[in-house]
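Student: my questions are about this predicted structure, shown below with the sequence.
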Amino acid sequence: MANIVLVDDHTLLRNGLAGLVLSLGHKVLFEANNGMDLIQKINETLELPDIVLLDINMPEMDGYETASWLKKNKPLVSILALSMYDNETAILRMLRNGASGYILKDSHPQDLQLAINAILNKGFYHSELISGKILHAYAKPDEDAGNMLKAHELSDKEIHFLQYACSELTYREIADNMGVSPRTVDGYRDALFNKLNIKTRVGLAVYAIKTGINPKITTKENI
């Protein structure tokens with residue numbers, strides 16, 4: 001069971017979503033009308049949510065700003081964007097701003113359950129929508145992708161980890177495949193977050209694809 005917060009300015013839709021979340025066996029901690037309302041309520045609550053279901057188009061403070069605020073001020077809270085927008089710009093911007101997944105409002109309830117479970121168990125949700133939009137946007141690496149990679153001065157082991165980060169493996173499984181401890185993998189991840197100014201694993205995958213880093217074949221090896 002996940003503790004979930006709903007952020008959407010449409011009351012009827014939000015109430016219907018609350019009922020769906022409850023029917024899936026999760027708990028709704030509270031609901032908010034927009035980002036400003038969320039900030040006020042989340043700062044007053046004693047129990048942080050596991051996941052915030054976040055709309056994009058809202059008054060006062062939209063989903064992009066809200067996602068950035070959450071990742072800066074409440075980094076342990078995961079964000080699942082829930083929107084009608086299915087264009088690359090909206091999806092990639094939300095992922096860059098800290099969302100761990102993206103799902104459309106007209107998705108089947110089972111898709112929502114899959115997304116919630118994936119974020120709880122793996123920390124991210126790679127749907128076909130996300131994968132397709134990322135691959136389409138970055139089908140060809142940038143002309144100066146090599147310079148971008150060089151400028152960030154990534155170590156061989158960090159690049160090696162980035163290859164695994166594009167897969168569906170959990171961090172613990174990545175550690176097993178790389179032949180290192182989970183704490184070492186956490187170190188690679190945090191170092192890359194800082195170097196690349198990226199906030200989520202999905203963001204790491206976007207960077208890897210953009211710079212032409214190929215996903216790693218998931219077989220046991222030592223480094």
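Tutor: Sure, I can see it.
Student: C-alpha only now, for contacts and for neighbours.
Tutor: Fine.
Student: element containing Ile198?
Tutor: Counting by DSSP states H and E, there is no helix or strand that carries Ile198.
Student: show me the contacts for it.
Tutor: By C-alpha atoms under 8 Å, 6 or more residues apart in numbering, Ile198 lies in contact with Arg96, Gly98, Leu192, Leu204.
Student: top of those by neighbour count?
Tutor: Ranked by neighbour count (other C-alpha atoms under 10 Å), the contacts of Ile198 have Gly98 at the top, with 27 neighbours.
Student: circling back: could I get the contacts of Ile198 as a markdown table with distance to His126, secondary structure and pLDDT?
Tutor: Shown next, in a markdown table, are those (distance: C-alpha to C-alpha, whole Å; DSSP: H, G, I helix; E, B strand; the rest coil; pLDDT from 0 to 100):
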| residue | distance to His126 | secondary structure | pLDDT |
| --- | --- | --- | --- |
| Arg96 | 14 | helix | 81 |
| Gly98 | 14 | coil | 87 |
| Leu192 | 20 | helix | 89 |
| Leu204 | 12 | helix | 82 |
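Student: for Ile4, list the residues it contacts.
Tutor: Counted by C-alpha under 8 Å, 6+ apart, Ile4 has contacts His26, Lys27, Val28, Leu29, Phe30, Pro49, Asp50, Ile51, Val52, Leu53.
Student: by neighbour count, which of these wins?
Tutor: Neighbour count (other C-alpha under 10 Å) singles out Val52 as the most crowded of those, with 25 neighbours.
Student: chain center to stretch 6-22, what's the gap?
Tutor: 21 Å (C-alpha atoms, centre = their mean, to the nearest Å).
Student: quick one: the contacts of Ile198 as TSV, columns for distance to Ala115 too.
Tutor: Converted to TSV, the contacts of Ile198 look like this (distance: C-alpha to C-alpha, whole Å):
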residue	distance to Ala115
Arg96	18
Gly98	16
Leu192	25
Leu204	19
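Student: quick one: the strands in this structure?
Tutor: 3-7, 27-32, 51-54, 78-83, 101-104 (DSSP state E).
Student: give me the most central residue, this protein.
Tutor: Ranked by distance to the mean C-alpha position of the chain (C-alpha atoms, centre = their mean), the top residue is Ser100 at 1.3 Å.
Student: burial count for the closest residue to it other than its chain neighbours?
Tutor: With sequence-adjacent residues excluded and distances taken as C-alpha to C-alpha, 6 or more residues apart in numbering, Ser100 is closest to Phe124, at 4.7 Å. For Phe124, the count of nearby residues is 24 (other C-alpha under 10 Å).
Student: give the contact list for Val202.
Tutor: Val202 neighbours (C-alpha under 8 Å, 6+ apart): Leu95, Ser100, Gly101, Phe124, His126, Cys166.
Student: distance to His10 and pLDDT added to those, as JSON lines?
Tutor: Formatted as JSON lines, those follow (distance: C-alpha to C-alpha, whole Å; pLDDT from 0 to 100):
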{"residue": "Leu95", "distance to His10": "23", "pLDDT": "82"}
{"residue": "Ser100", "distance to His10": "23", "pLDDT": "88"}
{"residue": "Gly101", "distance to His10": "21", "pLDDT": "88"}
{"residue": "Phe124", "distance to His10": "26", "pLDDT": "83"}
{"residue": "His126", "distance to His10": "26", "pLDDT": "74"}
{"residue": "Cys166", "distance to His10": "35", "pLDDT": "77"}
